[in-house]
Structure formats: C-alpha cells, structure tokens
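>>> Sequence first, then the predicted structure, then my questions.
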Amino acid sequence: MEAIINAFGMVMTFEVLAVMVIAALYGLFVGAIPGLTASMAVALMVPVTFFMDPVPAIAAIVTMAAMAIFSGDLPAVYMRMPGTPASAAYTEPCYGLSQRGLGEYALSMSAVSSAIGGSVGVLALILCAPFLAEFALNFSSFEYFWLACMGLTAAIAVSDSSPVKGAVSLLLGLLVASVGLDPVSGESRFTFGNADLLGGLGFIPVIIGLFAVAEILRFCTRNSRTGNSRQAALVPQKPMLLQALRDIFKYKAGVVQGSFVGVLVGILPGAGADVAAYISYAMSKRAAAKRPTEDEINMAKIVPATAANNAAVGGSFIPATVFGIPGDSLTAIVIGVLFMKGLNPGPTIFTENADMINAVFLAFLLANILLIPFGFLAIKLFKRVLQVPQSMLMPVILAFSMVGAFAVENTLFAIVIILAFGIIGFFMEENGFPLAPMILGIVLGPMLEETFITSMMRAQGDLMVFFERPVSLALAIITLSLWMLPVLLRLLKRRAGITPESPAHRKEECTL
Amino acid sequence: MKFSDITLGVLFTLLGLGVLLHGQQMKTSPFFQYGAGFFPSIIGSLLAVCGAILLIKGVRLALAQQSGFWLVQAGPWLRDRERVVNIVLVPLLVAVFIAVVEHAGFLVCGVLLIGVLCQRFSGRPLLSWVTAILVTLFLYLFFQQVMSVQLPMGFLTGYLGG
C-alpha cells in the first residue's frame, strides 16, 4: 500500500502530467495520420525520452501509445484508412457507419470502450502479472506454433471475401515475411542480390503502401481532373458523443469480451493490439448477428475489437515487465527504454524498484482514463481535417507516407516499398482479395516459421509431438476445429439438401 | 481492372510453383535439419493449391454461366483519359522523387510532388502551391528538426543539414 501511495506521489507532479498531455496530443496527431503507426511514433520519441526521468519517460510512451491506437480509428472511420494496424480489423464497418452519418457515434463508442479496455489491461497488469506471466512462460515452441496458426485462421475469418482469396492473401503475407535472412540458418532468401532486401521488407513501409498509397490510387480511379470530392465531409455526422456514454451499456458483454481477449492476446509474445482486434472482431461476429439493425450489428463487432486493441497494450506489458519478453514491437521499444533508465525488466523489478514500476503502471492507468476527454476532443478536431478537399488531402497523405516510411527505415528503398505495395494493394482490392490476412501473415510469419522449424527439429520430424503437451493439444484442437468447421457445415448442409449455390448458403458463409 | 478467377488461378499457381522451385534450390546448411527453403516451399505449395482451386472455380463458373471465358475486364476508370493520367502520375512522380531527391533535396522535391498532384487533382493552382510549401515546411520542421530524422537536403545540405 505504501508503494502505491509513493507511486501516486511520483505521478501527480506537474512534470509528469505536462509530459503526458503533450504525449497525448502527439499520440492523437500521429495515430490520426494514415501510415504513421504507434510503433513508429514511439521509436521516434525514444531520443526525446532520453533526456527525461524514468517515470515521465515511460508515462509519455504509454500515454502516446494508448492515444495513437485510439486515434488510428479516426481515419479508419472517416476515410477508410486505418491510422494504425490495430484499427485494420474493423475499418470496413466503421467506414460504412460514417457514410450513414454515424461516424462520430462509432468513434465516441470506440473512445469509451478503448478507455475501459485499456484500464482493464492495466488492472490485469497490476493484479495478475506474476500468475499470467508464469503461465505464458511455460509455453514452448509447440504452443506458440498453434497460437500463430489460430491468429492466422482468425485473419481469414474476419475477411468477408471468399476463403480461397483470403488464403491467397495470407500466403502472400507469409511470402513477404520470408524475404530477407532466414531466422534459423541465417541464409538469405528472395533477395536476388539486392542488399536492401537482406533485412527483409520493412513492416511499416509495407502497410503504408497497402493501406495509404493503395487508397490514393483508388482515389485516382474515383475522380477525374476536377474531382473536388469531399466524400467523407459530404456526409453530415450526427453529434452523438454523450449518447455513446449511455449506449456503451448496451454492449457491455462485448466490452468485457474484448477487454479479456485483448489482455490474454497481449500477454502472448508476437500477438499485439492488431491480432487482439482481429480475434475479438472474429469472435463477436456471431453474437452481433442477433442484433436487430445493421448499425447495431456493426457496433457490436466494432466495440469489442476497439476494447481489445487497447487492452492488449496493457496485456503486452505483463511478460515485458515481469520477464522482459516483449509482446510486440511497441513493448520491445519500452523494454529498451527501461534498460536505458536502469530499470532492468524481470521479477526483481517489483522488489528493487517497486515505487518506480507502480508509478509507471499508475501513469498507464491515468493515460487510459484520459482517453475519454482527449478522444472526444480529437473526434471534434479531426473533423476539421475533413473540411480539406480530398483532392488536397491525398497528395499531403502521400507526402506524409513517404517521409514516414523514410523516417522509420532511414533509406529511400522504403519509398520504393510503399510504391510497390501500394500498386499490389490496389490490384488486390480491385480483384476482391482482402488485405487483412496479408497483414497478419506479415506480422505472424516470422514467429510461425521460427516456432514451426524449432518444433520440427525438437520433434525430429514426428508431427504427433505437436499434440503431446496438454496446452499444445488444447490449442491444436481449437485451431483444427476452426479449420474444419466450415467444411463440416458445408457437408451437413449438403446432407440437409441445401445446395452450395443457394442464397441461404451464401448468407451463412458470410456470417462465418 | 478485374482479372477473372481463371487468370488469377493461373497466375497464383505459377507463382506458387516458382516459389516452390526457388525454395528447393536454396542451400541446406549441414548444421540444420531444415534449410532456408523449407518454409517457403510449404508456402509455395499451398499457394499453388489455392491457385488451382481458383482456376477450377473460374472454369466451373464460366461453364455454368455459358457467357464464355474471359481473362481481364477493364474497369470504368480505364475508359476515362483523365483518371488514367491521374493514376499513372502518382507512381511516376514518386519514382522521379526517389531518383532526384538526393541531388535536389527534400524541400524542392516535396514542394513539387505535393504541388503538382494538388493542382492536377483540384485544378486550383494558388491553393495547391501554398499547401505544397506549408506541408513541406511542416514535414521538414517536424521530422528533421523535432524528430531528428536526417532527410536528404541535396544542394541545401550546407545550409540546412541532412
């Protein structure tokens, strides 16, 4: 208790609070710009935090990350461009709502559910960290392999296009992830003698290309020379900030589900906010279908996913602080900052620096609570961006994307990547290939390969070893069930006399 | 521009087989049971299978609809010269930016890239070039001065750093 009181005193200082406010505004700004991700913003912020004390430094990073992940929803809702990968899972339904004037409502609900999800994530971090981290520590490569498979299956499940096209998109993502040095043997692959490809295709330039540049190309196909389209601005948005505060209770089950999925997924290494959002979105699809109206169905899918991606940030800090294992790229940077500040992550951090680590956790909790007022402010201010005609906004976004990609990779080759993947993304969408499975394939590819090869080596080629450990067996059963379910449903329907071409079948397939 | 399932099926089958072939040719280290090509070979095989499924679906659909086989369909934007120019201009300008930015510098290239595209898309020259100058200055101040990203400054390096 004394540690908590001391921690409270360390957070409630002018310096920490001022840094948090500036970091919040920076996070909201960066997250709202497509192509600029929370990881990139944190990476760029590290040199600034070098000159700060440990508590304001970490407080700045966690505040910025929470705000950036929320504000990634802003361009997703209004412009169909997820500001961060964590918003990619539910971009389509959000954009659909904004086209019917419900963008502000969707965002307000997202701010409230993000705040709740984020707070649940931090509370889990404070209360359950040692127990849950111990559980995750017992995982071997077999469990991680099945977890990666589950995440990838979820990627196909969230896409509304045909499963074959979803699978192709996923395999293309895995292929992109395998470019560069082989993580096990260190041999170069698919580099074709190009030294720039040795480090692989940078994740951030690839997603900037797939989402931002492809969207700019799509804009070109929609508008001719004098196309002063204000597509998003033309749709009047109903002021519904306060209604969202009331309506959030309608989706309380979804918020709880999303928060817990987010925490659990966040704890697992390799699976961060984006994977949590995908899994939570896929899980809520069936329950959402029972809602009476289309808008409520969409909200019932969006709310858990937005709670999950913020809860995952808290969740990912559990193995990061207790065992020094990063859950994603964001926590990897935070671990680096903790080391830089002399706070070595590990079990001893809770005994040697209890006040300090509790102050960091408290600042994290405060950042999530601040998300509601700052989120509402961002929703109101972001609409001003929409006053700018898209014919002016698109070239500006292109310039931001190019400089953003260059800033992360520090090479002009990053701009080549965003251009190439912009064209690939454009053609994929033109032909009905979903982008989400490709993104998840790129994120989980290295983990899938590493765990698969390590497991195969340990099992000496015997596939049955993948099912021997109890947790591994449970995860395998869940994953294989997810793979077999559509096939079994199709067989059952065929036996019941419903032909695959019938409309009833198509509707069922869409809800899967 | 839409490609039929037949075209896509052939494309991904060939890509999958290409990846499989390339994976098979990768060196296997004597210290590891599974070489660098093992995992890409699995991806290539699965991609080829998905391509074959798409191809079969495409052929079955064409036979069922009796509308004949088609490979590519031009989208409506391909029939509008203005839109074709727009869509070609974006990658072209980005390519020119990459080629000349180290000599001409980010400030000049940034203004030209944003200005030309804004004017092309909006048809409002004054607003376009004011936007281009302000946005480029903001990017320079935010990334180079605040975030310490070393943007290429070309002939202005001596004056502005980078």
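Received the coordinates, thanks.

>>> Show me what the helix or strand hosting A:Asp274 packs onto, helices and strands only.
Using DSSP states H and E, A:Asp274 maps to helix A:273-288. Here helix A:273-288 touches helix A:141-158, helix A:252-267, helix A:294-322, helix A:436-459, going by 3 or more C-beta pairs under 8 Å, 6 or more residues apart in numbering or on different chains; DSSP states H and E. Bear in mind the C-beta positions are built from the backbone N, C-alpha and C, glycine included.

>>> Output the last one as CSV - backbone C-alpha positions only.
Once non-C-alpha atoms are left out, helix A:436-459 reads as follows in CSV (Å, rounded to 0.1, in the frame of the first residue of the first chain):
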residue,chain,number,x,y,z
ALA,A,436,-6.2,-8.0,-43.5
PRO,A,437,-5.0,-11.7,-43.9
MET,A,438,-1.9,-10.4,-45.7
ILE,A,439,-1.0,-8.0,-42.9
LEU,A,440,-1.4,-10.7,-40.3
GLY,A,441,0.7,-13.1,-42.4
ILE,A,442,3.4,-10.5,-42.5
VAL,A,443,3.2,-9.9,-38.7
LEU,A,444,3.0,-13.6,-37.7
GLY,A,445,5.1,-15.1,-40.5
PRO,A,446,8.5,-14.9,-38.7
MET,A,447,7.0,-16.3,-35.5
LEU,A,448,5.2,-19.1,-37.3
GLU,A,449,8.3,-20.1,-39.2
GLU,A,450,10.6,-20.0,-36.2
THR,A,451,8.2,-22.0,-34.0
PHE,A,452,7.4,-24.5,-36.7
ILE,A,453,11.1,-25.1,-37.6
THR,A,454,12.1,-25.3,-33.9
SER,A,455,9.3,-27.6,-33.1
MET,A,456,10.1,-29.9,-36.1
MET,A,457,13.7,-30.0,-35.0
ARG,A,458,12.7,-30.9,-31.5
ALA,A,459,10.2,-33.5,-32.7
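
>>> Could you pull out the buried residues of the helix or strand just after that helix?
Sequence order places helix A:470-495 as the next helix or strand after helix A:436-459, per DSSP H and E. Buried positions in helix A:470-495, judged by neighbour count with 16 or more other C-beta atoms under 10 Å in any protein chain shown: A:Ser472, A:Leu475, A:Ala476, A:Thr479, A:Leu482, A:Lys493.

>>> and helix A:470-495, anywhere near chain B?
No: using C-beta under 8 Å from any C-beta of the partner chain, helix A:470-495 stays clear of chain B, coming no nearer than 12.8 Å.

>>> Outline the domain layout of the chain.
Reading this off chain A. Following automatic domain parsing, one finds the domains of chain A at A:2-468, A:478-512.

>>> looking at chain B here, not the other one
Split by automatic domain parsing, chain B gives B:2-73, B:78-160.

>>> who does the helix ranked longest in chain B touch, helix- and strand-wise?
Scanning chain B for the longest helix, with DSSP state H as the assignment, gives helix B:38-65. Secondary structure elements in contact with helix B:38-65, counted by 3+ C-beta pairs under 8 Å, 6+ apart, are helix A:163-177, helix A:436-459, helix B:5-25.

>>> For those, give me JSON lines that also has distance to B:Gly35 and mean pLDDT.
Converted to JSON lines, the helices and strands packed on helix B:38-65 look like this (distance: least, C-beta to C-beta, whole Å; pLDDT from 0 to 100):
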{"stretch": "helix A:163-177", "distance to B:Gly35": "17", "mean pLDDT": "91"}
{"stretch": "helix A:436-459", "distance to B:Gly35": "10", "mean pLDDT": "80"}
{"stretch": "helix B:5-25", "distance to B:Gly35": "9", "mean pLDDT": "93"}
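
>>> B:Ala104 is nearest to which of the ones you listed?
Smallest distance to B:Ala104 across the helices and strands packed on helix B:38-65 (C-beta to C-beta): 31.4 Å, for helix A:163-177.

>>> Now for A:Met109, which secondary structure element holds it?
Using DSSP H and E, A:Met109 falls within helix A:103-137.

>>> quick one, that helix and helix A:273-288 angle?
Orientation note: helix A:103-137 sits at an angle of 110 degrees relative to helix A:273-288 (axes from the mean of the first three to the mean of the last three C-alpha atoms, to 10 degrees).

>>> For helix A:103-137, give the mean pLDDT please.
For helix A:103-137, the mean per-residue pLDDT is 80.

>>> cool, stretch A:362-378 as well?
The average pLDDT for stretch A:362-378 rounds to 87.

>>> Next, the buried residues of it.
Residues of stretch A:362-378 classed as buried by neighbour count (16+ other C-beta under 10 Å): A:362-368, A:370-372, A:374-376, A:378.

>>> picking that back up, make TSV from the helices and strands packed on helix A:273-288 and add mean neighbour count to it.
Converted to TSV, these look like this (neighbours: other C-beta atoms under 10 Å in any protein chain shown):
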stretch	mean neighbour count
helix A:141-158	24
helix A:252-267	24
helix A:294-322	29
helix A:436-459	23
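
>>> Out of the ones you listed, flag the one nearest chain B.
Closest to chain B of these is helix A:436-459 (C-beta to the nearest C-beta; 4.6 Å).

>>> what packs against the closest one?
Using 3+ C-beta pairs under 8 Å, 6+ apart as the contact test, the elements touching helix A:436-459 are helix A:141-158, helix A:163-177, helix A:203-207, helix A:273-288, helix B:38-65.

>>> Between helix A:273-288 and that helix, find me the angle.
Using the same axes, to 10 degrees: helix A:436-459 against helix A:273-288 is 110 degrees.

>>> what angle sits between the helix holding A:Asp274 and helix A:470-495?
Interaxial angle of helix A:273-288 relative to helix A:470-495 (the same axes, to 10 degrees): 40 degrees.

>>> Near chain B, which residues of the stretch 251-400 of chain A? Just list them.
Residues of the stretch 251-400 of chain A lying close to chain B (C-beta under 8 Å from any C-beta) are A:Pro389, A:Ser391, A:Met392, A:Met394, A:Pro395, A:Val396, A:Leu398, A:Ala399, A:Phe400.

>>> A:Phe139: which of those is nearest?
The nearest one, if we look at those relative to A:Phe139 and count by C-beta to C-beta, is A:Phe400, at 39.0 Å.

>>> Need the CA coordinates for the one helix or strand the closest one maps to. PDB is fine.
Applying DSSP H and E as the criterion places A:Phe400 in helix A:390-409. Extracted C-alpha coordinates of helix A:390-409, given in PDB (Å, rounded to 0.1, in the frame of the first residue of the first chain):
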ATOM      1  CA  GLN A 390      -9.700  15.100 -50.600                       C
ATOM      2  CA  SER A 391      -8.000  16.400 -53.800                       C
ATOM      3  CA  MET A 392      -5.700  18.400 -51.500                       C
ATOM      4  CA  LEU A 393      -5.600  15.800 -48.700                       C
ATOM      5  CA  MET A 394      -4.400  12.900 -50.900                       C
ATOM      6  CA  PRO A 395      -1.100  14.400 -52.100                       C
ATOM      7  CA  VAL A 396      -0.400  15.500 -48.500                       C
ATOM      8  CA  ILE A 397      -1.100  12.000 -47.200                       C
ATOM      9  CA  LEU A 398       1.200  10.700 -49.900                       C
ATOM     10  CA  ALA A 399       4.000  13.000 -48.700                       C
ATOM     11  CA  PHE A 400       3.400  12.000 -45.100                       C
ATOM     12  CA  SER A 401       3.500   8.400 -46.000                       C
ATOM     13  CA  MET A 402       6.800   8.800 -48.000                       C
ATOM     14  CA  VAL A 403       8.500  10.800 -45.200                       C
ATOM     15  CA  GLY A 404       7.100   8.400 -42.500                       C
ATOM     16  CA  ALA A 405       8.400   5.300 -44.300                       C
ATOM     17  CA  PHE A 406      11.800   7.000 -44.800                       C
ATOM     18  CA  ALA A 407      11.900   8.100 -41.200                       C
ATOM     19  CA  VAL A 408      11.500   4.500 -40.000                       C
ATOM     20  CA  GLU A 409      13.900   2.800 -42.300                       C
END
